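K.L.:
just coords:
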């Protein structure tokens, strides 16, 4: 890669990271999920980077936006940002890799569908074994589960919290992020590919 191309790559990743960080600040609570699960659209710029610049660019956007968030806004001791990074990368990387094989609208949709499934699986495992147990250092595990129980009485422990809240949330988020990305990618593609 030439110096000029490297510079363009860095500038584009920087701009998309800044947009992603700003979008991460706008969190939309959904009444059917516990309050710690909120939709934001910060994965859209990471997907745009992944499609136009490659999977590494998508990961870079995910990393930069979360580093900015942990420094400037974090209220979760970095757990929320770690979750956002892991789960964001789990949709971006499969989608970008799939799309790079044969760039088209169809492969983009298939890649994001694959990424959504991977995101739900990674989110389940990460929350079950890493994120919720780690966050219990800041908030009792019973209180975390209680946030889910208040919405769905079938949630009685961490496993049911993950099954009935985290997995459906990540599937819904994947669908929403896919739709928004598909609506804007074609329009922004000429700018991103310059």
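P.N.:
Ah, there it is. Quick caveat, the model's predicted, so the values are computed rather than measured. Numbers count the residues shown, from 1 in each chain.
K.L.:
contacting residues for the spatially most central residue of the chain?
P.N.:
With distances taken as CA atoms, centre = their mean, residue 88 lies nearest the centre of the chain, 2.6 Å away. Contact analysis of residue 88 by CB atoms under 8 Å, 6 or more residues apart in numbering lists 42, 43, 46, 62, 66. Glycine gets a C-beta too; all of them are placed from N, C-alpha and C.
K.L.:
I'd like the residues you listed as TSV, with secondary structure appended.
P.N.:
Converted to TSV, the contacts of residue 88 look like this (DSSP: H, G, I helix; E, B strand; the rest coil):
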residue	secondary structure
42	coil
43	helix
46	helix
62	helix
66	helix
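K.L.:
Format those as a markdown table; extra columns: distance to residue 4 and pLDDT.
P.N.:
Shown next, in a markdown table, are those (distance: CB to CB, whole Å; pLDDT from 0 to 100):
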| residue | distance to residue 4 | pLDDT |
| --- | --- | --- |
| 42 | 29 | 97 |
| 43 | 29 | 97 |
| 46 | 24 | 98 |
| 62 | 25 | 98 |
| 66 | 29 | 96 |
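K.L.:
now the strands for this protein?
P.N.:
Assigned by DSSP state E, the chain shows strands spanning 28-29, 38-39.
K.L.:
What pairs with the first one, parallel or antiparallel?
P.N.:
Put plainly, it is strand 28-29. Partners of strand 28-29 in the sheet, by DSSP bridges, are strand 38-39 (antiparallel).
K.L.:
Buried by neighbour count: which residues of the longest helix seen in the chain qualify?
P.N.:
Among the segments of the chain that qualify as a helix by DSSP state H, the longest is helix 167-192. In terms of neighbour count (16 or more other CB atoms under 10 Å), helix 167-192 has its buried residues at 167, 169, 170, 172, 173, 174, 176, 177, 178, 181, 185, 192.
K.L.:
Check stretch 64-73 too.
P.N.:
64, 65, 66, 68, 69, 70.
K.L.:
Just list the residues touching the fifth one, thanks.
P.N.:
In this case it means residue 69. Shown in contact with residue 69 (CB under 8 Å, 6+ apart): 21, 24, 25, 80, 81, 84.
K.L.:
separation between the last one and residue 147?
P.N.:
Between residue 84 and residue 147 the distance, using CB to CB, to the nearest Å, works out to 18 Å.
K.L.:
Look at the two and report which has more neighbours.
P.N.:
residue 84 (21 against 17; other CB atoms under 10 Å).
K.L.:
quick one: the spatially closest residue to that one that is not a sequence neighbour and residue 73, what's the gap?
P.N.:
Nearest non-adjacent residue to residue 84, counting by CB to CB, 6 or more residues apart in numbering: residue 66, 5.5 Å away. For residue 66, the distance to residue 73 equals 10 Å [CB to CB].
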